[in-house]
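>>> structure here, sequence nowhere to be found:
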Ligand code: G1P
């Protein structure tokens with residue numbers, strides 16, 4: 001019983017703007033944001049359940065949340081980076097203190113990056129609609145989250161437990177295909193044979 005509706009973001013005005021385009025469909029409901037180019041594989045953990053964990057947390061506390069992974073130093077400037085305040089009484093890592101979009105390594109407050117899974121209270125739209133475009137004329141989701149936190153709204157930080165592929169990167173896109181293709185015994189045999197004959 002899932003109904004799917006799609007909305008085209010006519011102009012490339014950033015992730016925050018894309019979400020704002022869906023506002024009239026979401027109405028007054030809380031909502032999740034899933035960036036499908038960040039593909040999570042369940043193999044090494046329960047990453048497939050992270051969003052469920054975030055949803056259950058929302059149902060209990062009505063707190064927005066962001067899923068975070070650990071970025072390699074070289075990748076920090078590719079993502080939204082979070083500073084967290086550890087709290088063992090909360091599920092996940094604790095609360096997010098601050099978020100900054102694509103900082104330089106020098107300016108990054110940690111190596112924890114937003115992997116593209118979020119849950120928001122509906123009042124988050126107020127903050128999203130007030131965000132000013134950045135230097136590249138994009139409305140950043142990260143800036144809205146940072147303003148939301150500055151206004152004393154809580155955002156829980158959850159930690160990714162699994163493998164993730166950033167399909168915006170050519171090599172990772174191929175690896176993501178391999179990861180899932182190898183789960184099919186027929187395709188797996190074909191790929192193995194191909195690799196053998198090609199002697200890579
Ligand atoms: C977007 C977000 C960024 C997040 C990333 C995950 O960036 O703005 O905060 O870490 O997705 O993929 P984009 O990949 O659109 O540049």
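Nice, I can see it. This structure is a prediction, so every number in the text was calculated from the model and none was measured.
>>> can you pull the residues of the protein lying near the ligand?
15, 35, 38, 79-80, 101, 113-114, 116, 140-142, 168 (CB under 6 Å from any ligand atom). Every residue, glycine included, has its C-beta placed from N, CA and C.
>>> next step: these restricted to helices.
In helices, judged by DSSP state H, the following of these are found: 15, 141, 142.
>>> highest neighbour count among these?
Neighbour counts for these, by other CB atoms under 10 Å, peak at residue 141, which reaches 29 neighbours.
>>> re earlier: dump the ones in helices among the residues of the chain next to the ligand to TSV, plus distance to residue 129 and pLDDT.
Formatted as TSV, those follow (distance: CB to CB, whole Å; pLDDT from 0 to 100):
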residue	distance to residue 129	pLDDT
15	14	98
141	12	98
142	15	98
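>>> give me the buried positions along stretch 69-78.
Buried positions in stretch 69-78, judged by neighbour count with 16 or more other CB atoms under 10 Å: 69, 71, 76, 77.
>>> nearest to residue 122 among those residues?
Nearest to residue 122 among those, counting by CB to CB, is residue 69 at 26.2 Å.
>>> other SSEs contacting the helix or strand harbouring the closest one?
Taking DSSP states H and E as the criterion, residue 69 maps to strand 64-70. Applying 3 or more CB pairs under 8 Å, 6 or more residues apart in numbering; DSSP states H and E, one finds that strand 64-70 contacts helix 50-61, strand 80-86, strand 112-120, strand 155-159.
>>> re the thing from before, and the furthest pair within the buried residues of stretch 69-78?
Checking those with CB to CB, the most distant pair is 69 and 77, at 15.1 Å.
>>> and the strands in the chain, which stretches?
Counting by DSSP state E, the chain has strands at residues 31-34, 38-41, 64-70, 80-86, 94-101, 112-120, 155-159, 163-166.
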